[in-house]
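Novice: Just need the structure, nothing else, for what follows:
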Amino acid sequence: MMCRSALYIGAVTHRRLRPRVHQFRYRAFWLLIDLDELPALTARLRLFSHNRFNLFALHETDLGDGSATPLRIQTERLLSESGIDIAGGAIRLLCMPRTLGYSFNPISIYYCHRPQGELAAIIYEVHNTFGERHSYVAAIETEPDEIRQNCRKAFYVSPFMDMDLVYDFRLTEPTGRVTLGIRASRAGEPVLHASLAGHRRELSDRELLLIFLKIPLITAKVTLAIHWEALRLWLKGIRLRTRPAAPVHHTTPVINTSNRIDPHVI
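Specialist: The predicted structure is shown next:
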């Protein structure tokens, strides 16, 4: 049986437009984990574990509601709260793995499928550096090749970004390539463009070792990069925003706005 889990290698890009231009690009990689394949992956791979220490690992407590409840159960519960039933279909999670015991994921994406394989919902799980997390949930009525969705910002992420923003999400399902573009705007004027893109590789011990040698300690690198870029923004004179209380609701609905997008904008 073909393994649907995979490794994606690529880069993250941010470009802030207001009040000062600021941009950066970092190499990165992600694992796409079919949650039903976790037992087989941990049996086959020496460098990846589930809920155990390893070079790379996936721990339930790093994601979802932070509990030890299996992620599949957590995700189905979250979908149910939003009126979405995938009837046991596949759930595939795109995230950075815990690396040598350290985990941080600015954004993780859950691709939730119906039993016949078509995409039923997307969950964008966002983490900030204050230990908080929030999920944006979108049902998908028809399965487009490329997806465009939007919602109002509900969760504090960066101390240099206001809360009165609208997010536009643009993404494709992970196949040979994975893409996600996010535009943050205020009153129709773009403030920030962020994107990730990666090419698929086999999820094997050889590929995991090679990517560790090329991009070591990826999750620690992400955390350090966030603080380094924050310092650069502060030196550019961008003021800090007060952190509001976490949202009362742990999910925000996302609206599908079109079935097609221009792939060149991602």
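Novice: Any stretches of the stretch 151-266 of the chain with poor pLDDT?
Specialist: Counting by pLDDT under 70, the stretch 151-266 of the chain shows low-confidence ranges at 258-266.
Novice: Backbone dihedrals for the residue positioned nearest the centre of the chain, please?
Specialist: By Cα atoms, centre = their mean, the chain has its centre lying nearest to residue 108, at 2.4 Å. For residue 108, the backbone dihedrals (degrees, to the nearest 10) come out as phi -120, psi 140.
Novice: That one and residue 16: what is the separation?
Specialist: As for residue 108, its distance to residue 16 is 23 Å (criterion: Cβ to Cβ, to the nearest Å). All C-beta spots, glycine's among them, are computed from the backbone N, C-alpha and C.
Novice: Secondary structure element holding residue 43?
Specialist: helix 38-44 (DSSP states H and E).
Novice: Show residues contacting that helix.
Specialist: 3, 5, 33, 48-50, 58, 203 (Cβ atoms under 8 Å, 6 or more residues apart in numbering).
Novice: which one of those residues is nearest residue 12?
Specialist: residue 33 (19.0 Å; Cβ to Cβ).
Novice: Tell me where the stretch 1-150 of the chain is predicted with low confidence.
Specialist: Ranges of the stretch 1-150 of the chain meeting pLDDT under 70: 1-2, 143-144.
Novice: give me that answer again for 90
Specialist: Counting by pLDDT under 90, the stretch 1-150 of the chain has low-confidence residues at 1-3, 18-19, 140-146.
Novice: which parts of the longest helix along the chain are buried?
Specialist: Counting by DSSP state H, the longest helix found in the chain is helix 218-235. By neighbour count on 16 or more other Cβ atoms under 10 Å, the buried set for helix 218-235 is 218-219, 221-222, 225, 229-230, 233.
Novice: How far away from the center of its chain is the strand or helix carrying residue 73?
Specialist: Assigned by DSSP H and E, residue 73 falls within helix 71-81. Chain-centre distance of helix 71-81: 17 Å, with Cα atoms, centre = their mean, to the nearest Å.
Novice: Start at 10, not 1
Specialist: Okay, residue one is now 10; in that scheme the one you just asked about reads as helix 80-90.
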